[in-house]
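[1] compute the structure for the input listed below.
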Amino acid sequence: MKKRWMKLFVAILFMGIALPVLALQTEAASKDVTKQMASDKDLKQVCKMMAAYTTAMDISDKASADQRTLALSDADKLSIAAFVRYYYKDDYGYTNNELKAESKALFGKAASTGIIKKTGKTDLLVCSADKKYVAEPFMYCGGEFGDSIPKYKIKKVTRIRKNVYQIVIDNKLGVYGEKGSDTVGTTILKVKKTKASQYGYIVKGIAYSGADR
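    Take a look at the predicted model:
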């Protein structure tokens, strides 16, 4: 399957709504644990993957500086699961079980793939497969970053309660062969630490906004 430049995303998932403030608020007993969590490889990996996804949303042709909170519906989960497998596992053809397993690992609960086949559903980054490209029933149908490189920087980690954290992340974008990167947005994640996931954490909430351009 030929890769496409991110600007050519034919279906960008904006399942959330614009909010005046980020929805993932910290609670009264919260504590700044940025220094303690800085070396947590599992947490950094989850932040890297989720920030890459929200960066893709921020630079798409439907980008907006408005703040958005994802509902984490099955549509959200499937699109993110396909994005993660495509970019971090070099996999663009998926079975039903692969998508369900990936979504469960990322979010703690498997998403139903039934929504992919619904008529007129075009806002997913995963679709029914074109058999010219893959043998599996589903395939990645989003775009790519081209010469750009998604990067991230964890700004703050707050422990909300035991094993539950909120992370503020700068979304950054660099270019192959060039030094430095530009900040293109902000992501706020809410995650829960758990041994039940291969990633060590499951994502409980995602809010993001693009940089003013």
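[2] what's the first helix or strand after the helix-or-strand element of the chain with minimal mean pLDDT?
    Within the chain, no helix or strand scores below strand 17-18, which has a mean of 32 by mean pLDDT, DSSP states H and E. Going down the chain from strand 17-18, the next helix or strand is strand 31-32, by DSSP states H and E.
[3] what's the average pLDDT for the helix or strand following that next one?
    Going down the chain from strand 31-32, the next helix or strand is helix 34-37, by DSSP H and E. For helix 34-37, the mean pLDDT works out to 95.
[4] any chance you could list what contacts helix 34-37?
    43, 154-158, 165 (Cβ atoms under 8 Å, 6 or more residues apart in numbering). (Glycine included, C-beta is placed from N, CA and C.)
[5] just the buried residues from those residues, in PyMOL please.
    Of the contacts of helix 34-37, the buried ones go into a single PyMOL selection, burial set by 16 or more other Cβ atoms under 10 Å:
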select buried, resi 43+154+157+158+165
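[6] remind me which residues of this structure are low pLDDT?
    Segments of the chain classed as low confidence (criterion: pLDDT under 70) are 1-28, 61-64, 119-122, 212-213.
[7] ok, 50 please
    Flagging of the chain using pLDDT under 50 yields the residue ranges 1-23, 26.
[8] please export the C-alpha coordinates of stretch 200-210 as PDB.
    Coordinates of the C-alpha atoms in stretch 200-210 are reproduced here as PDB (Å, rounded to 0.1, in the frame of the first residue of the first chain):
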ATOM      1  CA  GLY A 200       2.300  -0.800  31.500                       C
ATOM      2  CA  TYR A 201      -0.500   1.800  31.400                       C
ATOM      3  CA  ILE A 202      -3.900   2.200  29.800                       C
ATOM      4  CA  VAL A 203      -5.200   5.500  28.500                       C
ATOM      5  CA  LYS A 204      -8.200   6.800  30.300                       C
ATOM      6  CA  GLY A 205      -8.500  10.200  28.700                       C
ATOM      7  CA  ILE A 206      -7.100  12.400  25.800                       C
ATOM      8  CA  ALA A 207      -7.500  16.100  25.300                       C
ATOM      9  CA  TYR A 208      -5.400  18.100  22.900                       C
ATOM     10  CA  SER A 209      -5.200  21.400  21.100                       C
ATOM     11  CA  GLY A 210      -3.200  22.700  18.200                       C
END
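[9] tell me which stretches of the protein form helices.
    34-37, 41-58, 74-88, 96-107 (DSSP state H).
[10] the lengthiest strand in the chain vs helix 74-88, what angle?
    In the chain, ranked by residue count with DSSP state E as the criterion, the top strand is strand 148-161. Our comparison of strand 148-161 with helix 74-88, counting by axes from the mean of the first three to the mean of the last three Cα atoms, to 10 degrees, yields an angle of 130 degrees.
[11] partner strands of strand 148-161 and their direction?
    With DSSP bridges as the test, strand 148-161 is paired with strand 31-32 (antiparallel), strand 164-175 (antiparallel).
[12] against residue 185, how distant is the closest residue to residue 109 other than its chain neighbours?
    Spatial nearest neighbour of residue 109, chain neighbours left out: residue 103 (7.5 Å); criterion: Cβ to Cβ, 6 or more residues apart in numbering. Noted for residue 103: a distance of 23 Å to residue 185, by Cβ to Cβ, to the nearest Å.
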